[in-house]
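**Q** Dropping the sequence and predicted coords here.
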Amino acid sequence: MDSTGFDFELLTELTETSGVPGYEDRIRDLVRREFEESVDRVRTDAMGNVVGTLDGESDHSVAVAAHMDEIGFMVRHVRGDEDGDGFVELDALGGWDARVLKAQRVTIHTETGDLPGVIGSPPPHTLDEEERERPPTVEDVFVDVGLPYETATERISPGDLVTMDQSTERMGETITGKALDDRICLFAMLEAARRLEDPDATIHFCATAQEEVGLRGAQALGVDIDPDLAIALDVTVANDVPGFEDGDHVTDLGDGAAIKLKDSSVITNPKVHRRLKAVAEDDGIDYQFEILPAGGTDTAGFQNVAGAKPVGAISIPTRYLHTVTETAHVDDVAATIDLLEAFLETEDGSHGYAL
């Protein structure tokens, strides 16, 4: 533990480890390692979801979900001339804003090992006015790997994966780095699993795959697990920075865990989010409400795939989403862990969520 009050070393390991949609192998290994001493059994399915189950005293079951995957890329082509250098063209895995990609360091994960690269960025004084004004796209991006074309094509193949290269740092009262979406919530789930003892309900802690490309892992688990209740954990927008009106913040860093009311994929069950609020107030846990105008989470993945299910969500407010400098407040992370733990401790099947 450090001054954050939680295991910052584990959080750093989770955020700095690579794992794009469909290829979450390295993160999956970390999750299984962390589950070894905190749950009763662990399983992995054909999609790559990891489920750590803590057996309860009753038949009531709860699924808690946080996704493992981060946005990244797949190599689609290596271009260049025989006597020149090789450059890598990319296909996006998840939703990228191409404006944030220029001049970033990346890692290309090849069959023979990881290769460093940098996304090219021509000097602005060499661009004409039309080039400066044209909005960038992922298709325009190329990665310079510093290798001759022949060597690059020998070592890099279409289908190789590419992730951003960034460290995780403590910055004042915040944490900043890549892949806080959603590794910071994955961390919160693992911490809650470690703290929870002898629950009434059976808890399925679900580290899901392929959320960034359509909530696919959660949809599969909604059928396979078929829980009585599902709670998803994900980051959410915090536009509490210069240039935004108060009503456009969505959430504010440092104001507590965010209890989701809606996003573009789900309207959470009112009885679930009211109980989350009541638990937070009873335990003195800071919270705020989240109304997210655009974006979806694993919450929706569980809601109706195996019949109508009550769902809720706890979100960690995060600035600069889908960049390499995503930023969250340490107090909000701690509040999310505390709220999830307190909620699960009191979930015994007696709370009716039918509307």
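**A** Okay, I see it. Treat the numbers as computed from the prediction; the structure is a model and nothing was measured.
**Q** so R28 touches V51, yeah?
**A** No. In this structure R28 lies outside contact range of V51 using Cβ atoms under 8 Å: 11.4 Å. To be clear about C-beta, it is placed using only N, CA and C from the backbone, and glycine gets the same treatment.
**Q** Between those two, which contacts overlap?
**A** Counting by Cβ atoms under 8 Å, 6 or more residues apart in numbering, the residues touching both R28 and V51 are 44, 207.
**Q** These two: which has the busier surroundings?
**A** A count of neighbours by other Cβ atoms under 10 Å puts V51 above the other of R28 and V51, at 22 against 18.
**Q** what about the stretch 1-150 of the chain, any weak spots by pLDDT?
**A** In the predicted model, the stretch 1-150 of the chain carries pLDDT under 70 at residues 1-4, 123-125, 127-128, 130-131.
**Q** Would you map the helices across it?
**A** 8-16, 25-35, 129-133, 149-155 (DSSP state H, counting those that start in this stretch).
**Q** helices or strands up against the second one?
**A** The one in question is helix 25-35. Helix 25-35 is packed against helix 8-16, strand 41-44, strand 50-54, helix 180-195, strand 202-208, with contacts defined by 3 or more Cβ pairs under 8 Å, 6 or more residues apart in numbering; DSSP states H and E.
**Q** F35 is nearest to which of those?
**A** Set against F35 and scored by Cβ to Cβ, the helices and strands packed on helix 25-35 come closest in strand 50-54, at 3.8 Å.
**Q** Tabulate the helices and strands packed on helix 25-35 (CSV), appending distance to I225.
**A** Conversion of the helices and strands packed on helix 25-35 to CSV gives the following (distance: least, Cβ to Cβ, whole Å):
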stretch, distance to I225
helix 8-16, 23
strand 41-44, 10
strand 50-54, 7
helix 180-195, 15
strand 202-208, 5
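**Q** Between those, which one is closest to G95.
**A** Nearest of the helices and strands packed on helix 25-35 (Cβ to Cβ): helix 180-195, 10.3 Å.
**Q** distance of the nearest residue to Q288 once chain neighbours are set aside from G80?
**A** Excluding its sequence neighbours, the residue lying closest to Q288 (Cβ to Cβ, 6 or more residues apart in numbering) is D255, at 4.6 Å. Using Cβ to Cβ, to the nearest Å, one obtains 50 Å as the distance from D255 to G80.
**Q** for L276, same thing?
**A** According to Cβ to Cβ, L276 and G80 sit 54 Å apart.
**Q** and what of V333?
**A** Per Cβ to Cβ, V333 is found 44 Å from G80.
**Q** Looking at the two, which has the bigger crowd around it?
**A** Per other Cβ under 10 Å, whichever of V333 and G80 has more neighbours is V333, with 27 against 17.
**Q** Wait, the more buried one touches T318, no?
**A** No. If you go by Cβ under 8 Å, V333 and T318 don't touch, sitting 10.0 Å apart.
**Q** Give the residues shared as contacts by these two.
**A** I184.
**Q** For T153, which non-adjacent residue is closest in space?
**A** Nearest non-adjacent residue to T153, counting by Cβ to Cβ, 6+ apart: V78, 5.1 Å away.
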